[in-house]
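>>> predicted model and sequence below, questions to follow.
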Amino acid sequence: MTLNRPSHLLAALLACLAAALLSGCEPANNAKPLAPVEIDARTTCDLDGMLLADYAGPLAGFLTGLERCETSWLLTVPCDTPLFPLDLAARLAAAADAQGADIAMAAAPEDDGTGRTTVRTQPVFCLLRVDLLESLVAFTQAGGRKIDAWTGQHHCAIVPFDAPGDDPKAFFNANTLAELHALESASAPQA
C-alpha cells in the first residue's frame with residue numbers, strides 16, 4: 001500500500017463525513033503526493049493564514065478551522081497520521097453527546113518507553129464545538145500554545161481507541177520519509 005497523505009486523508013475523511021475542509025493542500029486538479037517535512041524550530045510556514053505572530057502549531061489550524069467551519073462541530077485530524085480510524089468522527093461525536101462535552105478527544109495505546117503500554121490522549125484528533133472560537137482566540141492572544149492547556153479549560157470527553165479490533169498503528173504519525181515507508185510496510189497485506 002502506498003500512502004499519499006493528502007488523498008488518503010481526504011478519502012478517509014470522506015468515509016467518515018459528508019464534507020471535509022483541508023487547509024494547505026493543492027487544488028484537486030493539481031493534486032500530487034506531499035513528502036513528509038521535518039518540522040523544527042527553524043521551520044516557518046504560512047498555510048492559508050494559519051501562522052500567528054509566532055508558530056502556534058496545531059492550535060493555528062484549530063483557529064483557521066473554527067473560523068471557517070459552517071457546522072456546529074469541527075473535526076481535526078493531522079495530515080501526518082494517514083491510518084486514523086474510519087469511525088473516528090462517529091465515536092468522538094457519540095462521546096461528546098453522551099457526556100455533554102465541548103470537546104471529544106481520542107486516546108490511544110502507546111509504548112511508555114519502559115516496554116509497557118499506556119493509553120495517552122491524542123489531542124490533535126478531536127471534535128470541537130465551533131462556539132469555542134472566542135475562547136481559543138483569547139487563549140492564543142494571551143500567548144497560549146499548548147493544546148492540553150487550552151482543552152483543559154473546557155469539558156472534554158476522552159475517547160479510548162484501545163478496544164479489540166482497533167488498529168494499534170491508527171495514531172502513528174509519519175514525520176519522515178523513513179517513518180512513512182515503515183508504516184506502509186507494516187500496513188501491507190501479508191501473503
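In hand now; what should we look at?
>>> ok, residue 105 - contacts?
Contacts for residue 105 (CB atoms under 8 Å, 6 or more residues apart in numbering) come out as 92, 121-123, 125-126, 151, 156-159. (Glycine included, C-beta is placed from N, CA and C.)
>>> cutoff 7 Å now
Counting by CB atoms under 7 Å, 6 or more residues apart in numbering, residue 105 makes contact with 121-123, 125-126, 151, 156, 158-159.
>>> now swap in residue 130 and tell me
66, 69, 71-74.
>>> weed out the non-buried ones from those residues.
Buried members of these, scored by 16 or more other CB atoms under 10 Å, are 66, 69, 73-74.
>>> can you tell me which two in the residues you listed are farthest apart?
Checked with CB to CB, the buried ones among the contacts of residue 130 reach their widest spread between 66 and 73, with 10.2 Å between them.
>>> got any residues that touch both of these two?
Common neighbours of residue 66 and residue 73 (CB under 7 Å, 6+ apart) are 128, 130.
>>> what mean pLDDT does stretch 167-176 have?
In this model, stretch 167-176 carries a mean pLDDT of 87.
>>> would you mark the buried spots in it?
Buried-residue list, stretch 167-176, by 16+ other CB under 10 Å: 170-174.
>>> quick one: low-confidence parts of this protein?
Residues of the chain meeting the criterion pLDDT under 70: 1-56, 188-191.
>>> that one: strands as residue ranges?
73-76, 103-111, 117-129, 156-160 (DSSP state E).
>>> so which other helices or strands are in contact with the third one?
In other words, strand 117-129. Other elements packing on strand 117-129 under the criterion 3 or more CB pairs under 7 Å, 6 or more residues apart in numbering; DSSP states H and E are helix 58-68, strand 73-76, helix 88-99, strand 103-111, helix 147-151.
>>> which residues touch it?
58, 62, 66, 72-78, 84, 88-89, 92-93, 96, 102-112, 147-148, 151, 158, 160, 162, 171.
>>> who's in contact with the closest residue to residue 137 other than its chain neighbours?
Closest residue to residue 137 apart from its sequence neighbours, by CB to CB, 6 or more residues apart in numbering: residue 63 at 6.9 Å. Residue 63 is in contact with 136-137, 140, counting by CB under 7 Å, 6+ apart.
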